[in-house]
Structure formats: C-alpha cells, structure tokens
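Trainee: got a sequence here, can you build the structure:
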Amino acid sequence: MKKIISGITIMLVTALSIQAQQKQSAESDRIVEVSTSFGNMKIKLYNETPKHRDNFIKLASEKFYDGLLFHRVINGFMIQGGDPNSKNATPEAMLGGGDVGYKVPGEFNDKLIHKKGTLCAARDGNPEKASSGCQFYIVQGKKLTDQELDQLDKNRTVKYTPEQRTIYKTIGGTAFLDNNYTVYGEVIEGLDVIDKIAAVKTKPGDRPETDVKMTVKVIK
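Mentor: Numbers count the residues shown, from 1 in each chain. Purely as a prediction, here's the structure:
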C-alpha cells in the first residue's frame with residue numbers, strides 16, 4: 001500500500017511540476033500588437049529566438065515602428081515592413097533599403113517553420129544569413145501539396161514532421177524559405193488582417209498604391 005501511495009504522490013508532484021512549467025512559459029510569452037487600418041494583429045514572439053525577440057521588443061518599446069509602412073506587399077506570399085525610410089515617404093520613393101545600422105545573428109530552429117502568420121526577419125544576401133535589425137515580414141503564403149513538400153524535403157537535412165506537413169497542407173505558408181530566414185513569432189489573433197493587406201493594389205516594386213501604416217506596441 002505504501003508503494004502505491006508513494007507512486008501516486010510522485011505522479012501528482014510530476015503533474016504539478018509540468019503544469020507549473022507550462023504556466024511559467026505562458027506567462028513569459030511576449031506579445032506585441034500591430035495595428036493597421038485593416039485591423040489589428042496580436043503576435044507572440046518565440047522564446048526559442050531570444051535575440052530577435054528582444055530586439056523587436058526594444059524597437060517596439062521605443063515606438064520605432066509607429067508610422068512606418070508595409071512597403072512591400074505580394075499577394076500569396078507575404079507583407080513586409082519596418083523600413084525607417086518609409087515614415088512620411090513620398091509616393092514615388094523607392095523603399096526597402098532602410099535599416100538601423102546593425103544586424104541580428106540568425107537563429108534557426110527546425111521546429112519553427114514559415115507557416116501562414118509567422119513573423120520573420122528580412123535580410124540581405126549576407127552569407128551568415130544575419131537578419132536586418134528592423135525589417136520584417138509576415139507570411140501569407142499558400143497551401144502546399146504532398147508532391148511539393150516531397151520536393152522541398154529532398155534539399156533538407158531534417159525532414160518535415162507529419163505535423164509540419166499537415167500545417168503546410170491545411171494552413172499554408174512559404175516552406176521554401178525555411179532555414180534561410182529567421183522565424184521568430186506568429187500571429188495569434190487577426191490572421192485575416194494579413195489577407196486584407198495582401199489584397200491591396202500595388203505599384204511596380206510591390207508598394208501599395210495607398211499607404212498601409214502600422215503602429216506596434218508591447219502588450220505583454
């Protein structure tokens with residue numbers, strides 16, 4: 001009887017420990033809100049990518065992003081913003097080259113894929129795949145087939161898990177960018193806002209004809 005009680009006690013302690021860890025993890029999640037004229041998006045920043053998480057929190061806390069544009073929009077692909085030169089930019093200005101003077105080292109994780117709604121870091125063609133210090137994109141993408149995923153898997157050291165394949169087939173994304181650009185967050189509310197912004201009319205260079213401004217604030 002003592003052994004049974006002891007075993008039950010251990011199980012209860014373990015369960016409580018797991019619950020405490022999950023609660024602590026949930027409480028430590030950092031959440032930001034991106035507000036636009038098309039609606040608001042709440043984004044959870046991943047703890048698995050702390051350099052990108054902390055950098056985004058820093059810039060948002062400084063109101064760096066307020067008044068900037070989603071300056072590059074490609075329907076079926078992604079919406080991109082964060083160029084400081086986009087603030088109060090004239091309609092004919094070519095955007096996309098602005099930055100903050102530093103890069104963030106790439107943080108790659110096979111578990112973090114480019115599913116629809118993920119927040120990812122833009123970058124130039126540097127061989128280290130270091131990220132822009134401020135520019136980002138949010139994935140829209142498209143649903144993929146098993147054949148397309150099989151083709152992508154041929155070039156991957158770590159193959160997609162069944163769960164990841166299901167995500168790409170049902171939710172969609174831009175799988176060909178995996179492990180090339182850092183994924184560091186995901187939209188948890190307002191996924192439809194991505195589709196609304198992606199659907200706007202654009203000019204040559206993929207800039208929206210009517211400016212799509214953003215405000216970003218830290219809410220947790």
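Trainee: how about the strands of the chain, start to end?
Mentor: Under the criterion DSSP state E, the chain carries strands at the ranges 30-36, 39-45, 70-74, 78-81, 103-104, 118-121, 131-132, 136-139, 183-189, 215-218.
Trainee: quick one: closest of those to Thr202.
Mentor: Thr202 lies closest to strand 70-74 among the strands of the chain, at 5.6 Å (C-beta to C-beta). All C-beta atoms are positioned from the backbone trio N, CA, C, and that covers glycine.
Trainee: which stretches of the protein form helices?
Mentor: Applying DSSP state H to the chain gives helices spanning 2-28, 50-61, 146-153, 162-170, 191-198.
Trainee: and the fourth one with helix 146-153, angle?
Mentor: Using axes from the mean of the first three to the mean of the last three C-alpha atoms, to 10 degrees, the direction of helix 162-170 lies 130 degrees away from that of helix 146-153.
Trainee: how far off centre is helix 162-170?
Mentor: Distance of helix 162-170 from the chain centroid (C-alpha atoms, centre = their mean, to the nearest Å) equals 17 Å.
Trainee: contacts for stretch 213-220 next, please.
Mentor: Outside stretch 213-220, the residues that touch it by C-beta atoms under 8 Å, 6 or more residues apart in numbering are 29-37, 42, 57, 59-61, 63-70, 81.
Trainee: repeat for stretch 150-163
Mentor: In contact with stretch 150-163 (C-beta under 8 Å, 6+ apart) are residues 110, 113, 149, 168, 175-176, 178-179.
Trainee: can you rerun that using 10 Å?
Mentor: Contacts to stretch 150-163, defined as C-beta atoms under 10 Å, 6 or more residues apart in numbering, come from residues 110-111, 113, 144-146, 149, 165-168, 175-176, 178-179.
Trainee: okay, how far is it across it, tip to tip?
Mentor: By C-alpha to C-alpha, to the nearest Å, the extent of stretch 150-163 from end to end equals 14 Å.
Trainee: ok, stretch 150-159 next?
Mentor: So stretch 150-159: terminal residues 9 Å apart, C-alpha to C-alpha.
Trainee: about what we covered before: just the buried ones from the contacts of stretch 213-220, in ChimeraX syntax?
Mentor: Here is the ChimeraX selection string for the buried members of the contacts of stretch 213-220, based on 16 or more other C-beta atoms under 10 Å:
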select :30,31,32,33,34,35,36,42,59,60,64,65,68,69,70,81
